[in-house]
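K.L.:
Mind looking at a prediction? Sequence and model below.
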Amino acid sequence: MAGGASTPALVASVAACGGMGFLAAGYKTPTLLAQQIGDVRNRSGHPFGVNVFVPQPPPGDPAGVERFRRDLEPAAAAAGIDLPPTRITDDDRFDDKIALLCERRVAVISFTFGLPPAEVVDALRLVGSSVIATVTSVVEARQADALGVDALCVQGPEAGGHRGTFVIDDEPGTVPLPELVSAIRAESGLPIIAAGGIHSGEQMSTLLAAGAAAVQLGTAFLRTDESGANQTHQDALAAARFDRTVITRAFSGRAARGLLNAFILEHGAGAPRAYPQVHHLTALLRADAARRDDPDGLALWAGTGFRSAETGPAAGVVSRLWAEFGRR
């Protein structure tokens, strides 16, 4: 959960309950990531993971990015914002983060938005880290299997936030998560971690029966005490006016699931397939909306089970899920 939702406190709390928490490396400087890794280790002696975004190629439609900039300019001018210059390339300091993770010997490293180079997998393995690839289809799973990763995080269409498709232009698949897990299980002998819209013990049972070895949750923790999600985002998850999620490219240029709001309605149709260029282009608008507590200007990432997101300690979410699972 890049963007601040996954905090060291949340990672440590989930680990204390028998789960494995993950920090997000995306959008952070290596310095901040190093601080958060140290914070988790100060809070907990349990293993944890870090998720890393694989760098993306330059946009195939740079003119589309500039058209979208023009679409955003009236809103920016009304807010007194100068939109930033377009970043044609941005690798999110990938090499520096890999060097840091090798140095800190984090137990598990997962990758999203594609596969890392083989030499990165080898370097991480050399220091004792396990490597997970996020996949959204059977084809992607085959490619990850061929690379030799240790496990697959199978992300279904129900997932909140960005879909982990290897190619930005690809439209996310619609095969429900249990069926996708079964299909990939038939192709690969790697352990499967099922992710996307999970919020109940019944779902956990179904996914394990389909071939998953574990499940991964995100939205279920967004309203907990340890969450770093913006309070406006947290409140929107329970607000009656936000009653459904949609897939949009409006905020980042990549397909992502979030609560339907005014920004998506106004800008979703014109958003180009260009990530992270659109992400950077909308950043100041989103920050302004956060300052004004305006949910209609925020990327309210959420999975399909968002109404089940609970307040209170993260340990309570884990305990409830274990209890429901045990009753199955």
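P.N.:
That came in fine, so what should we check first? Numbers count the residues shown, from 1 in each chain.
K.L.:
Where does the prediction get shaky in the stretch 1-150 of the chain?
P.N.:
Regions of the stretch 1-150 of the chain meeting the criterion pLDDT under 70 are absent.
K.L.:
Spell out the residue ranges of the strands in it.
P.N.:
Assigned by DSSP state E, counting those that start in this stretch, the strands in the stretch 1-150 of the chain fall at 22-24, 49-53, 108-112, 130-135.
K.L.:
relative to strand 49-53, how tilted is the longest one?
P.N.:
Taking axes from the mean of the first three to the mean of the last three CA atoms, to 10 degrees, one finds strand 130-135 and strand 49-53 inclined to each other by 50 degrees.
K.L.:
Parallel or antiparallel, list what pairs with strand 130-135.
P.N.:
Each strand that pairs with strand 130-135, with its direction, by DSSP bridges: strand 108-112 (parallel), strand 151-155 (parallel).
K.L.:
still on that earlier bit, output the strands of the stretch 1-150 of the chain in a markdown table; the columns should cover distance to Ala12.
P.N.:
For every residue, glycine as well, the C-beta is placed using N, CA and C. What follows is these, written out as a markdown table (distance: least, CB to CB, whole Å):
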| stretch | distance to Ala12 |
| --- | --- |
| strand 22-24 | 10 |
| strand 49-53 | 13 |
| strand 108-112 | 15 |
| strand 130-135 | 20 |
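K.L.:
Nearest approach to Pro85 belongs to which of these?
P.N.:
Using CB to CB as the criterion, the shortest distance between Pro85 and the strands of the stretch 1-150 of the chain is 21.1 Å, found for strand 49-53.
K.L.:
tell me what that closest one is packed against?
P.N.:
strand 22-24, helix 94-104, strand 108-112 (3 or more CB pairs under 8 Å, 6 or more residues apart in numbering; DSSP states H and E).
K.L.:
In the sheet, which strands lie alongside it, parallel or antiparallel?
P.N.:
strand 22-24 (parallel), strand 108-112 (parallel).
K.L.:
Would you mind giving the ones you listed as CSV with distance to Arg41 and mean neighbour count added?
P.N.:
Written out in CSV, the entries for those read as follows (distance: least, CB to CB, whole Å; neighbours: other CB atoms under 10 Å):
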stretch, distance to Arg41, mean neighbour count
strand 22-24, 11, 24
strand 108-112, 14, 24
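K.L.:
domains for this structure, by residue range?
P.N.:
Each domain of the chain is listed here as a residue range: 1-55+90-228+306-328, 57-89+238-301, per automatic domain parsing.
K.L.:
could you give the angle of the strand or helix carrying Ala209 to strand 151-155?
P.N.:
With elements taken from DSSP states H and E, the one containing Ala209 is helix 201-210. When the same axes, to 10 degrees is applied, the directions of helix 201-210 and strand 151-155 differ by 130 degrees.
K.L.:
quick revisit: out of the helices and strands packed on strand 49-53, which gets nearest to Arg257?
P.N.:
Relative to Arg257, the nearest member of the helices and strands packed on strand 49-53 by CB to CB is strand 108-112, separated by 14.2 Å.
K.L.:
Report the backbone C-alpha coordinates of the closest one in CSV.
P.N.:
What follows is strand 108-112, C-alpha atoms only, in CSV (Å, rounded to 0.1, in the frame of the first residue of the first chain):
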residue,chain,number,x,y,z
VAL,A,108,10.8,-11.0,1.9
ILE,A,109,10.8,-8.6,-1.1
SER,A,110,7.8,-8.5,-3.4
PHE,A,111,7.7,-6.7,-6.8
THR,A,112,4.7,-5.1,-8.5
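K.L.:
Perfect, I'm done here.
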